[in-house]
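Colleague: Sequence plus the predicted model coming up.
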Amino acid sequence: MRYFKNTMATKFTTTIYFIFALTITALGQHTDLKEYGLKGKVKTITTMHYKDVMFSNGQWMPTSFEKFYYTTVWHFNEQGFLDTSKTSLFVHDSLVTNILTYEFKNGKKVSGKYFNYHGVLTELYNITWTNQYTYTTITTDTNGTKTFQSTSWLNKDFRDNKGEYKSYENGKVDFYEKYSDIFDTNGQLIKAEFTNMTENKNYFVLYKHSELDKNNNPTITTQINITDGTIKKMTIRLIEYYE
């Protein structure tokens, strides 16, 4: 009987430890939902981006809801990773769509393919993780020429905390910028400092969230450049969740 009790106790302890280890592992893994500060089982986010906005009745709003600058549709898989991004914009009064798809390995994005609005593959993405909190994305054209490079540093909660990005023209950097994010106590992005390394200029952007959905994800956000007092842009998001 003592052997039976000891065996059961050992099994119970082992089971509890296994469950605890799985919980810690799950909490300690990166997902794109964590990186973007999104709550709940997000499936898709459709975002309308506006440049022309006005302040009316105590709030910011587009001058025309139909006159958006461009739209994006992000699709997340059930594991919380962004697998497809579609961007639609007007070209000669016609709405066209570009598509970026991602590929995964061992639970992380490792590469991507960008198709222009003709459906032609034009860019390749290679994503390298230095550690669980730092990764670099290098974009090349189909000939292997680098066109863009970015590095993101995540905080302990896997939130995108700071980063930098460079664009290239004929093998030379033609734009280089860094950013550092500031969050409130709920993890919402409320302010960011940008440093334009190309022109040696600093500016700050305030993120004013005027509406949140049932999961406290922002659905209406105005980005205000508080350094020069201009509106950077306004976004309106429709968020769909997995059931």
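Modeller: Everything's here; your move.
Colleague: Could you use CA atoms for every contact and neighbour count after this?
Modeller: Noted.
Colleague: Which stretches in this protein count as helices?
Modeller: 2-27, 32-35 (DSSP state H).
Colleague: and the gap between the nearest residue to Phe76 once chain neighbours are set aside and Phe104?
Modeller: Nearest residue to Phe76 in three dimensions, chain neighbours excluded: Leu82, at 4.3 Å (C-alpha to C-alpha, 6 or more residues apart in numbering). Using C-alpha to C-alpha, to the nearest Å, Leu82 is found at 10 Å from Phe104.
Colleague: and the two? which has more neighbours close in?
Modeller: Taking neighbours as other C-alpha atoms under 10 Å, Leu82 and Phe104 compare with Leu82 leading, 21 against 13.
Colleague: Contact partners for the more buried one?
Modeller: Neighbouring residues of Leu82 by C-alpha atoms under 8 Å, 6 or more residues apart in numbering: 32, 74-76, 102.
Colleague: Give me the distance between it and Asn225.
Modeller: According to C-alpha to C-alpha, Leu82 stands 28 Å off from Asn225.
Colleague: Equivalent analysis for Asp174, please.
Modeller: 23 Å.
Colleague: what do you get for His49?
Modeller: From His49 to Asn225 the distance is 16 Å (C-alpha to C-alpha).
Colleague: Could you report the neighbour count for Glu35?
Modeller: For Glu35, the count of nearby residues is 20 (other C-alpha under 10 Å).
Colleague: Run through the residues that contact the nearest residue to it once chain neighbours are set aside.
Modeller: In this structure, Glu35 finds its nearest non-sequential neighbour in Arg159, 4.1 Å apart by C-alpha to C-alpha, 6+ apart. Arg159 sits next to 34-37 when contact means C-alpha under 8 Å, 6+ apart.
Colleague: Those into TSV, with extra columns for distance to Leu206 and pLDDT?
Modeller: Shown next, in TSV, are the contacts of Arg159 (distance: C-alpha to C-alpha, whole Å; pLDDT from 0 to 100):
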residue	distance to Leu206	pLDDT
Lys34	21	96
Glu35	19	96
Tyr36	17	96
Gly37	17	96
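Colleague: Mind checking which of those residues are buried?
Modeller: 34-35, 37 (16 or more other C-alpha atoms under 10 Å).
Colleague: for the residues you listed, which one is nearest Tyr168?
Modeller: Nearest to Tyr168 among the buried ones among the contacts of Arg159 is Glu35, at 25.9 Å by C-alpha to C-alpha.
Colleague: residues touching Val53, list them.
Modeller: Contacts of Val53 by C-alpha under 8 Å, 6+ apart are 60-64, 231, 233-234.
Colleague: mind checking pLDDT for the nearest residue to it once chain neighbours are set aside?
Modeller: Take Val53 and drop its neighbours on the chain: the residue closest to it by C-alpha to C-alpha, 6+ apart is Pro62, 4.1 Å away. Looking at Pro62, its pLDDT stands at 88.
Colleague: Fine by me, thanks again.
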